Structure formats: structure tokens, C-alpha cells
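Visitor: return atomic coordinates for the entry below.
(one chain, ligands or ions: 1)
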Amino acid sequence: MRRPTELPAPDADARAHSERLAALIGKAIADAGGALPFWRYMELALYAPGLGYYSAGAHKFGVDGDFVTAPELGGLFATCVADALAPVLRQIGAESVFFELGGGSGAFAQRALERLAECDALPQRYLLLEPSADLRQRQRERLHANLPADLCARVAWLDVPPHEPWQGVLFANEVLDALPTTRFVIDDGQAFEQCVGLDENGAFVWTTRPADALLAQALRHVERGLESRMPDGYRSEALPQLPFWIDAVAGTLERGAMLFIDYGYPRREYYSPERSDGTLLCHYRHRAHNDPFLWPGLQDITASVDFTALAQAGTRIGFDLSGYCAQAHFLLGNGLGELLQAAQELPEVERLRLAQEARMLTMPEAMGERFQAMGFQRGVDFEPAFAFGDLSGRL
Ligand SMILES: C[S@@+](CC[C@H](N)C(=O)[O-])C[C@H]1O[C@@H](n2cnc3c(N)ncnc32)[C@H](O)[C@@H]1O
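Guide: Below is the predicted model of the structure:
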């Protein structure tokens, strides 16, 4: 495990907050008989009511936070995504719904709604599913402060995905990487689930237990796809519950498209022999490291997305794959170049800012290749949004 070096120390209040969450997790470990599966540790660290990283008031996004997401850089990302999804909303017509999962600060929803209004493709309703009460409040305040009343009136927050059949688009940026992940290790040819226990000083430590049937079957399925066994000592992550999760969020989408953008790899690269310690990554004040036990509640914990698993989960519930490509190709295929061209008319300061934003979104060493876009469709044509840089042959 790579230990973080030279991380800025949290202040006394932040430390006290983290200690309260650590005590709550410690009690959950004791109540569970001495160990919790890692996914449960991650769930509590990120989402324990009032204390978890996403549930409490930490800054999270932007320069003063821990990491920057594409919609936080400026308006280009949301404009291109809105342009990609507008044709689907038009195919559906007046009843269309835009369903965003995990809206963060509300930056994406604000710009997407503005752009859909500009190009006459407004959905009848814009629904947000946001498990964090703190972020929900921030989204509400931002949209009310910045959008005209007729756009605000279309926005509503859901506690659970729609029960009734609906038509429209589902969008999620950097949500799959925030789902509590199962971690496993191979030992003596067998799969073990990595769990979190407590040492004699009450500090979190890794422990293992034999994989249950769901995890063991999910890993056998992965290995069949790879046509090889993972070697002893190999550690990584898996989301055996992903098919159920996709069904829960999109099972009632009877006609429309889904778009997921996140960092990850097709399966062969995800489980490559070199990536023998998995993809777990923590973000604290713009530093990345992989110690999930450090300051619970003060840092984000993520795992990359296995896009092959996502493709299988989406098609299993009856969607067709529309396309899969790097974020850079997706944005360039949906109007990024034209937006920059039009910006030539703007004052130099704004033009340079947009050029810098576009570089962050598209450069391979920034977000351009590590982030990838995957689309699905049912009863609509979303394929034109994936005209460039098709990667589906690597799935
Ligand atoms: C890394 S942030 C990304 C926020 C935003 N999409 C952006 O790009 O700035 C992850 C978001 O997903 C939300 N989230 C986590 N689990 C979720 C779930 N099961 N359903 C919906 N949203 C979820 C978090 O609360 C947070 O808003």
C-alpha cells in the first residue's frame, strides 16, 4: 500500500470529526464480530449520515476541496454532454425526463439545463438522485440562485429511482467510482474478501475471510472472460452488485439512453497482471494516495470502473450499447471543437481560460483518456454521439 507523504494536516475540528466517524465505524466492526467487509467500511466512510465524506459539510469539489470533476472546471463538459443527449430528448418529445445521478455541486445540472434551453431540447422534468443531504442542499441553492424560475420549476430531487416507467436520459459523471466496492485477494488459488478489523490500539487493519458465493461467482466470471486465473497475492476490486444497481436505477427507463462517464478500463486492462494492487484511490486536498484508513470522513475513496462489467450490466437489462470511447473523443465528437472555434470572438482572457479548460478535459495525461464514456440505448438512437474513437472492441 502506497503511504501518503506530506499531506497537509487537518485542523483540530476536522480531526475531531474524523475521530467521531472512526469511533462509529469501530463500533460497527465490534458489533459485526470483529470485521466489516471493505465495501461496508467505504460506505460508512463516505455516506454515514452527518459524518461520512459525502454526507457531511466537507468542501469536496474545486480548488478549496479535495478533487476537481469535469463539470467543476467550467461549462464546456456539460455543454457537450447536453449536445450529445439533446437528440435523444428530441426523439422522445414533450414527456422526456433528464435523470442525473449524483449531481455533486449542481454545476452540471445548471449548465446542462441552460444549454438544453438554448438548443430547444428541454426535458419536461430534470430529476436528481443525490444520497448526500449536504450536496442536495448545495444543488438546490445553486440552481435557485442561478437559473430562471421556469427552468428551476422542472427540477426535483428523488429519494429513490423512479418506480413508474419513464422515458428520457440517465446521466452519471463520476458516480460509479464512488460506489462502495468489494476488495478481494487471491491466496492459494482461492478468493478471499478483504475486510477491515481493529488492532490492539483500535487502529483499522486489513483482514480477510473466504469470498461468499456472490463474490466467488463474480470473480469466476471475470476469470472466464480473461481466459486466465489471477495469481496468488493478486488484489483488486469488483462490484458484484453492479447488475442489481443498474437494474435499480434504470430498470424503469422504458425508452431512452444512459450515459456514464468515469475513470476506468476495459476488463483486460483493469485486471492486468501489472495492476496487482487494484485501483483504490483516495483524494485529500488534491493529493492522491491509496490508504483508505487515513482520516475517514475527510477524504474521498474511489475505485476505477470495469467498463466491461458495466457493458454487461446495461445490456443484461435490455439496453443496446450505443458506444464506448475516451472522454476526449466523446467531447470532440459532440461539439468541443466548435465551441472553441466560436470562442475566438471572446476577449483574450476568456479565450485562454476556455482553452485551458479544454486541455484539462482532453489531454491524455489529464482527463482525456483516463476518463471514458459509455452509452446505452433502448428504443432511441444514441449512436451518433459515439462517432469518434470507438473502443468497444477492447471490452
Ligand atoms: C465524485 S462525486 C461526482 C459529482 C458530480 N457528478 C460531478 O461530476 O461533479 C460523486 C457523486 O455521486 C453521489 N453518489 C454516490 N453514490 C450514489 C448513488 N448510489 N446514487 C446516486 N448518487 C450517488 C455522491 O453523493 C456525489 O454527488
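Visitor: which parts of stretch 270-278 are buried?
Guide: The neighbour-count check on stretch 270-278 (16 or more other C-beta atoms under 10 Å) flags Tyr270, Tyr271, Gly278 as buried. All C-beta atoms are positioned from the backbone trio N, CA, C, and that covers glycine.
Visitor: residues in contact with that stretch?
Guide: Outside stretch 270-278, the residues that touch it by C-beta atoms under 8 Å, 6 or more residues apart in numbering are 1, 183, 222, 226, 230-231, 233-237, 264, 269, 279, 290, 303-304, 306-308.
Visitor: can you pull out the strands in the stretch 251-395 of the chain?
Guide: 253-265, 281-284, 287-289, 300-302, 305-306, 320-326, 371-378 (DSSP state E, counting those that start in this stretch).
Visitor: then the stretch 51-200 of the chain?
Guide: 97-101, 125-129, 155-158, 166-173, 182-187, 190-198.
Visitor: name every strand pairing with the longest one and say which way it goes.
Guide: Sheet pairing here is set by DSSP bridges, and for strand 190-198 it gives strand 36-37 (antiparallel), strand 182-187 (antiparallel), strand 204-210 (antiparallel).
Visitor: ditto for the third one
Guide: Each strand paired with strand 155-158, and its direction, by DSSP bridges: strand 125-129 (parallel).
Visitor: how about the fourth one?
Guide: Applying DSSP bridges to the sheet, strand 166-173 is found paired with strand 97-101 (parallel), strand 253-265 (parallel).
Visitor: quick check: buried residues in the longest one?
Guide: Think strand 253-265. Leu253, Arg255, Gly256, Ala257, Met258, Leu259, Phe260, Ile261, Asp262, Tyr263, Gly264, Tyr265.
Visitor: quick check, Ser18 in contact with Leu298.
Guide: Yes. Ser18 lies in contact with Leu298 (C-beta atoms under 8 Å); the separation is 5.1 Å.
Visitor: quick check: residues of the protein near the ligand?
Guide: Proximity of the chain to the ligand is confined to 54, 61, 69, 71-72, 101-104, 108, 129-132, 135, 173-175, 178-179 under the rule C-beta under 6 Å from any ligand atom.
Visitor: who's sitting farthest from the centroid in the chain?
Guide: Distance from the C-alpha centroid of the chain peaks at Glu200, with 35.3 Å (C-alpha atoms, centre = their mean).
Visitor: need the phi and psi values for that residue.
Guide: Note on Glu200: backbone dihedrals following degrees, to the nearest 10 are phi -70, psi -20.
Visitor: what separation do you get for it and the ligand?
Guide: Separation of Glu200 from the ligand (C-beta to the nearest ligand atom, to the nearest Å) stands at 34 Å.
Visitor: how about the lowest-mean-pLDDT helix or strand in the chain: buried residues?
Guide: Scoring the helices and strands of the chain by mean pLDDT, DSSP states H and E places strand 287-289 at the bottom, with a mean of 87. Residues of strand 287-289 classed as buried: His289 (neighbour count, 16+ other C-beta under 10 Å).
Visitor: show me what that strand is packed up against.
Guide: Of the remaining helices and strands, those touching strand 287-289 by 3 or more C-beta pairs under 8 Å, 6 or more residues apart in numbering; DSSP states H and E are strand 281-284.
Visitor: could you find the closest non-adjacent residue to the residue of the stretch 251-395 of the chain found nearest the ligand?
Guide: Closest approach between the stretch 251-395 of the chain and the ligand, counting by C-beta to the nearest ligand atom: Asp300, at 6.7 Å. Spatially, and ignoring its direct neighbours in sequence, Asp300 is nearest to His283 (4.3 Å; C-beta to C-beta, 6 or more residues apart in numbering).
Visitor: isn't that neighbour right up against Asp66?
Guide: Yes. At 4.6 Å, His283 counts as touching Asp66 under the criterion of C-beta under 8 Å.
Visitor: so what's in contact with those two at the same time?
Guide: What both His283 and Asp66 touch, as defined by C-beta under 8 Å, 6+ apart, is the set Gln299, Asp300.
Visitor: ok so, going back, in CSV, list the strands paired with strand 190-198 along with mean pLDDT and mean neighbour count.
Guide: Output for these, formatted as CSV (pLDDT from 0 to 100; neighbours: other C-beta atoms under 10 Å):
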stretch, mean pLDDT, mean neighbour count
strand 36-37, 98, 21
strand 182-187, 98, 21
strand 204-210, 98, 15
